[in-house]
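**Student:** Turn this into a structure:
(one chain, ligands or ions: 2)
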Amino acid sequence: MTVPGRVLVVGAGLVGTSVGLGLRPGGTDVLLADASPTVAAVAADLGAGRLPAGGVHLGSGSGTDDGTDLDGPPGPVREGDEPDLVVVAAPPDVTAGLVVRALRRYPRAVVTDVASTKEGVVRRVLAAAGEDAARYVGGHPMAGRERSGPMAARGDLFVGRPWVLTPVPGTSPEAVDLVRTTAGRLGAVVVELDPASHDEAVALVSHLPQVAASLVAARLVGAPGQAVGLAGQGLRDVTRIAASDPVLWAQILAGNAVPLARQLRLLREDLDRALAALEAVAAAGAPGLPGASDPAASGGPAGSPTGAPVGALARLVAEGNAGRATVPGKHGDAPAVWATVPVLVPDRPGALASLIGTIGEVGVNIEDLRIEHSPGRLTGVTEVAVLPAERDRLVRELRERGWSVPD
Ligand SMILES: NC(=O)C1=CN([C@@H]2O[C@H](COP(=O)(O)OP(=O)(O)OC[C@H]3O[C@@H](n4cnc5c(N)ncnc54)[C@H](O)[C@@H]3O)[C@@H](O)[C@H]2O)C=CC1
Ligand SMILES: O=C(O)C(=O)Cc1ccc(O)cc1
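**Tutor:** Ligands and ions are numbered 1, 2, ... in the order given. Predicted coordinates for the structure are as follows:
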């Protein structure tokens, strides 16, 4: 197992800075470079690594030999600045170009990237890098956030998350080993896929959810304030990633156009099914409204909405249940079935910390925590997920300590 002693991160934003923060505690010497010197300086201040002596020159062609001038001549570079591994963590549209320049600049280094789509990047690198391409290993950590930049970075961002590597037949096994070890050091679980299979998979699990979240959230623009004020946790869950960076995501979606369009067409069919069911319900007269047809007359039990359209709606939700149950737990394990304990938490400073402290005293591990809080309410509902075997004891102990735990 080869461990990189020195890593150059090119692009010190959310992902690049998280890589630095995650590698530094293990003793890796991390060099930081970014098109924006200010971003690189912030990342260094946060403890993600150091700036190479002489400043950072990327793509300027200025010829300065400071170890991070990717347009400079191939090594040797300043002693102490030669990386074993270069991690390109820049936007997708510049990734292939930076990878090719890093391969040329550092003839002994392995180069990897983290771009969210792989087929286009890998194809461009193979076309431009010649035999240097053997030292390139495509990569994609399946971890991130809806925020960008170094300030949003976290050293534990990749812990328990899949990190896809996309080696191709000519890739050196030693290069794959080095990137695999590095991802492992960051706590990630490495998965190998060919670039096309990777892009198909992320179209479904990452890019389709982003489009769906953005479209749902966009419906809220201009909605009456009173409607948005009623929002509960469901809307927050569904729209969290709608806060993502538009420029970055435009590149990601465009970089996976064909597989994503396939997924969106399938979603459109499902939307058409839902619409058809609702229109059929409406045509029959909505249940409970004046003019609604008598359910008994359409073959269902009296007093209940019934018939094929309502069945279609139930099927839609049930299919969602089945899909949701396939989503792995937080560390990529099989879907976790936690028991949930709802606790009413007063809306005052320190109340949530006090609840967490109490659960710690009781000796129960919190597997997950969800807070539902609506403005103007005096209490919020906190849902504490725990191992099913711990549920009853936790409910009892919390009630004994004065917490309100609804049945
Ligand atoms: N945001 C996310 O949740 C995830 C993003 N990714 C991928 O990681 C890469 C970086 O994304 P983020 O860290 O989120 O973006 P970010 O916007 O936080 O950071 C990107 C950084 O690259 C720098 N940069 C731009 N052009 C450059 C150039 N020519 N040379 C050097 N630096 C340059 C920018 O100044 C910026 O600081 C992207 O390829 C993205 O697809 C992968 C997994 C998750
Ligand atoms: O915020 C989330 O939940 C994400 O899933 C982030 C994410 C964004 C882009 C990627 O390429 C991979 C992961």
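**Student:** List the buried residues in the host helix or strand of Ile359.
**Tutor:** Per DSSP states H and E: Ile359 is located in helix 351-362. By 16 or more other Cβ atoms under 10 Å, the buried positions in helix 351-362 come out as 352, 355, 358-359. (Each C-beta comes from the backbone N, C-alpha and C, glycine too.)
**Student:** What of stretch 223-240?
**Tutor:** Thr239.
**Student:** any idea of the mean pLDDT for that stretch?
**Tutor:** Stretch 223-240 carries an average pLDDT of 90.
**Student:** now what about that stretch, what contacts it?
**Tutor:** When contacts are defined by Cβ atoms under 8 Å, 6 or more residues apart in numbering, stretch 223-240 is touched by residues 146, 212-213, 216-217, 220, 370-372, 374-375.
**Student:** correct me, but Leu267 touches Leu208?
**Tutor:** Yes: counting by Cβ atoms under 8 Å, Leu267 does reach Leu208; the two are 6.7 Å apart.
**Student:** Tell me which of those two has more neighbours.
**Tutor:** Leu208 (19 against 14; other Cβ atoms under 10 Å).
**Student:** Give the closest residue to the more buried one in space, chain neighbours not counted.
**Tutor:** Leaving aside its sequence neighbours, Leu208 sits nearest to Gln263 (Cβ to Cβ, 6 or more residues apart in numbering; 4.5 Å).
**Student:** That neighbour and Leu253: what is the separation?
**Tutor:** Relative to Leu253, Gln263 is positioned 11 Å away (Cβ to Cβ, to the nearest Å).
**Student:** returning to what we had before: can the buried residues of helix 351-362 go into JSON lines with extra columns for pLDDT?
**Tutor:** Below are those laid out as JSON lines (pLDDT from 0 to 100):
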{"residue": "Leu352", "pLDDT": "91"}
{"residue": "Leu355", "pLDDT": "93"}
{"residue": "Thr358", "pLDDT": "93"}
{"residue": "Ile359", "pLDDT": "93"}
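**Student:** Among those, pick out the one closest to ligand 1, please.
**Tutor:** Among those, Leu352 lies closest to ligand 1 (Cβ to the nearest ligand atom), at 26.2 Å.
**Student:** Now do the contacts for the closest one.
**Tutor:** 345, 371, 382.
**Student:** among these, which are in helices?
**Tutor:** Using DSSP state H, no member of the contacts of Leu352 sits in helices.
**Student:** So what's the predicted local confidence for Arg78?
**Tutor:** Listed pLDDT for Arg78 reads 68.
**Student:** again, but for the one 3 residues further on
**Tutor:** Reading off the confidence values, Asp81 has pLDDT 80.
**Student:** Okay, now the unreliable bits of the stretch 1-150 of the chain?
**Tutor:** Low-confidence segments of the stretch 1-150 of the chain (pLDDT under 70): 1, 54-69, 72-79.
**Student:** Next to ligand 2, which bits of it? Give me the list.
**Tutor:** Within the stretch 1-150 of the chain, the residues that sit near ligand 2 (Cβ under 6 Å from any ligand atom) are 116, 142-146.
**Student:** hmm, try it at 5 Å
**Tutor:** Proximity of the stretch 1-150 of the chain to ligand 2, by Cβ under 5 Å from any ligand atom, involves residues 116, 144.
**Student:** Get me the contact residues on the stretch 1-150 of the chain for ligand 1.
**Tutor:** Proximity of the stretch 1-150 of the chain to ligand 1, by Cβ under 5 Å from any ligand atom, involves residues 11, 13-15, 34-36, 39, 58, 89-90, 92, 94, 114-116, 144, 148-149.
**Student:** of the contacts of stretch 223-240, buried ones?
**Tutor:** 146, 212-213, 217, 372.
**Student:** Helices - which of the residues you listed land there?
**Tutor:** 212-213, 217.
**Student:** ok so, going back, closest to Ala322 among the buried residues of helix 351-362?
**Tutor:** Taking Cβ to Cβ as the measure, Ala322 sits nearest to Ile359 out of the buried residues of helix 351-362, at 31.7 Å.
**Student:** That closest one contacts Ala353, correct?
**Tutor:** No: using Cβ under 8 Å, Ile359 is not in contact with Ala353, being 11.0 Å away.
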